[in-house]
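Asks: Return atomic coordinates for the entry below.
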Amino acid sequence: MKIYSINKINGLLLFFILMSTSFVAQTFCIDKKSDQIIGNQEGYSYELWNQNSQGKACITIEKGATFSGYWNDIENYLARRGLSYNQTKKHQEIGVFKTNFNCEYNPTKGRKGNSYLSVYGWTIDPLIEYYIVEDWRNWIPSKSKDAILKGTFNADGSIYDVYEKTRIDKPSIKGNTTFKQYFSIRRETRNKGFIDITRHFNTWESLGMPLGKLHEVSFVVEGYKSNGSFKFKELEVLVSKTASSQEK
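Replies: The predicted model follows:
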């Protein structure tokens, strides 16, 4: 009986050790063969994009939804991770979206280039690229001459300014085409907190900015003609059938 108990305990210990050490972070960097890397790990999709494979661009896929990365001397860098969908349902049909995040966000200081830290995604029918911008450096779309201010609203401790832009013959998930971009830009920038994503979706639609069928809801770090790095110490991208929880 003693031997059986010891073996059983050892087996449980071995199983626990295997389970606790099964995840290994993976780092991907863009090379000259392709400017994009996509995949899925632990139930979350990810993408690394580096326009024209210029400079150095990397992403590290970590446990859960967390990820990190860096970029140097790039033209346009995008690293994102979140939930992917098959473009058959609108957000109301799927549920209520929210996120908790804590990101060490370190774009290079100075006047060179720009960067965003945002919730990000696409819909189809209509084709929309959307952003909830939580932090940024040097430039934001509201400074663009073609940006249209649609309204403002309060959410999660700050005022957000809502803008719409039209992109003509630009890259999208449907190839080069014309599409609209939606932006909620937070006035009080931050790199951690709670976001009621569905509240932004509903507000956009109330302002005459329709969303289509979901392609993704993710968190993104972008850089344009700049250098920088980031690391999500916490990231949850969640969907439920109930109302959004309050900020942690």
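Asks: Now name the helix or strand holding the residue nearest to the spatial centre of the chain.
Replies: Nearest to the mean C-alpha position of the chain, by CA atoms, centre = their mean, lies F219 at 1.3 Å. Using DSSP states H and E, F219 maps to strand 216-224.
Asks: Report the next helix or strand after that strand in sequence order.
Replies: Trace forward from strand 216-224 with DSSP H and E and the next one is strand 228-240.
Asks: Average pLDDT for that next one, rounded please.
Replies: Strand 228-240 carries an average pLDDT of 97.
Asks: Quick check: closest non-adjacent residue to T27.
Replies: Leaving aside its sequence neighbours, T27 sits nearest to T60 (CB to CB, 6 or more residues apart in numbering; 4.5 Å). From N, CA and C alone the C-beta is placed, and that goes for glycine too.
Asks: In the protein, mark out all the helices, start to finish.
Replies: 2-20, 91-94, 197-206 (DSSP state H).
Asks: hang on, S84 packs against E47?
Replies: No - look at S84 against E47 with CB atoms under 8 Å: they stay out of range, at 9.5 Å.
Asks: ok so, going back, who does the residue nearest to T27 bridge with?
Replies: T27, S68 (DSSP bridges).
Asks: That one: how many residues sit nearby?
Replies: 18 (other CB atoms under 10 Å).
Asks: One more: the one 4 residues further on?
Replies: Neighbour count for G64, taken as other CB under 10 Å: 16.
Asks: Next up, the contacts around it.
Replies: Listed by CB atoms under 8 Å, 6 or more residues apart in numbering, the contact partners of G64 are 42, 44, 235-236.
Asks: again with E216
Replies: By CB under 8 Å, 6+ apart, the neighbours of E216 are 45, 80, 82-85, 120-122.
Asks: switch to 7 Å and redo it
Replies: Contact partners of E216, counting by CB atoms under 7 Å, 6 or more residues apart in numbering, are 45, 82-85, 121-122.
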